[in-house]
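A.B. asks: Below is the sequence, then the predicted model.
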Amino acid sequence: MLRTKDLGDTITEDNNSSDKDKYRAIYMMRHHFQENLKTQYMTMENPYDLWIALQRRYDHQKTVLLPKAQYDWKHIRFLDYKSVDEYNSVLFRIVSLLRLCGEKVTEEEMLNKTLSTFPQTNMVLQQQYRERNFATYCGRGRGRSVSFKPQIKADRCHRCGMGNHWAKNCQTPKHLCELHMESLKRNPEANMVRDTG
């Protein structure tokens with residue numbers, strides 16, 4: 001922000017900025033402080049000194065944030081959330097923290113992470129999640145649109161839509177079963193994008 005106002009030099013060592021520019025920089029920096037920070041740094045009149053003080057105060061944040069973000073990334077599970085949107089919101093928050101700390105997380109890694117958290121027996125949810133989010137993660141709107149309509153076959157559990165078990169033995173959480181069955185009643189249509197190139 002300071003650079004956009006031609007004030008970036010005010011926070012460099014041994015700068016020759018005018019007093020007017022220094023006070024403008026201080027004003028702009030303090031404008032974005034929380035109230036308690038404004039009072040703590042009220043006496044500082046050199047933007048460089050203020051910048052260094054803030055760096056000392058907040059530079060260690062990455063060392064605090066990175067282990068927590070890595071832990072959250074390792075332990076996030078799709079089935080712990082009531083909706084896809086809630087899961088995606090938490091996933092993107094974790095990825096943002098990882099990227100802030102210098103870690104590189106690709107969209108493919110995000111998709112693979114999500115799919116790896118599904119139980120091996122729950123292939124229907126994996127397939128629906130992949131097809132719902134395929135365009136978001138991979139396609140970016142290129143290629144041709146393909147319609148997908150999920151169906152439950154007669155030889156599958158009427159509660160969750162999977163095979164290999166009876167409804168009375170179904171282990172899929174109730175809220176996911178209800179969400180899945182409701183989506184089938186509405187006859188949803190998800191659009192996948194395939195790269196033709």
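C.D. replies: Thanks, I have it.
A.B. asks: how about the helices of the chain, start to end?
C.D. replies: Under the criterion DSSP state H, the chain contains helices at 19-31, 35-40, 47-58, 61-75, 84-100, 107-116, 123-134, 174-185.
A.B. asks: tell me the mean pLDDT over the second one?
C.D. replies: Which is helix 35-40. For helix 35-40, mean pLDDT is 82.
A.B. asks: swap in the fourth one?
C.D. replies: In this model, helix 61-75 has an average pLDDT of 88.
A.B. asks: just checking, what packs against that helix?
C.D. replies: Secondary structure elements in contact with helix 61-75, counted by 3 or more C-beta pairs under 8 Å, 6 or more residues apart in numbering; DSSP states H and E, are helix 84-100. Quick note: C-beta positions are derived from backbone N, CA and C, even for glycine.
A.B. asks: could you check the angle helix 107-116 makes with the helix it packs on?
C.D. replies: Taking axes from the mean of the first three to the mean of the last three C-alpha atoms, to 10 degrees, one finds helix 84-100 and helix 107-116 inclined to each other by 130 degrees.
A.B. asks: Quick check: the gap between residue 66 and residue 26.
C.D. replies: When distance is defined by C-beta to C-beta, to the nearest Å, residue 66 is 31 Å away from residue 26.
A.B. asks: okay, those two: which has more neighbours?
C.D. replies: The residue with the greater number of neighbours, taking residue 66 and residue 26 and applying other C-beta atoms under 10 Å, is residue 26; the counts read 19 against 16.
A.B. asks: what's that one in contact with, if anything?
C.D. replies: Residue 26 makes contact with 44-47, 50 under the criterion C-beta atoms under 8 Å, 6 or more residues apart in numbering.
A.B. asks: And the helices of the chain, which one averages the lowest pLDDT?
C.D. replies: Mean pLDDT per stretch puts helix 123-134 lowest among the helices of the chain, at a mean of 65.
A.B. asks: Look at residue 6 and say how many residues are nearby.
C.D. replies: Residue 6 is surrounded by 11 other residues when neighbours are defined as other C-beta under 10 Å.
A.B. asks: Over to residue 157?
C.D. replies: Burial measure for residue 157: 19 neighbouring residues, criterion other C-beta under 10 Å.
A.B. asks: how close does it sit to residue 68?
C.D. replies: Counting by C-beta to C-beta, the gap from residue 157 to residue 68 is 38 Å.
A.B. asks: Also residue 111?
C.D. replies: When C-beta to C-beta is the yardstick, residue 111 and residue 68 sit 23 Å from each other.
A.B. asks: what do you get for residue 51?
C.D. replies: Using C-beta to C-beta, one obtains 26 Å as the distance from residue 51 to residue 68.
A.B. asks: Repeat that for residue 45.
C.D. replies: 36 Å.
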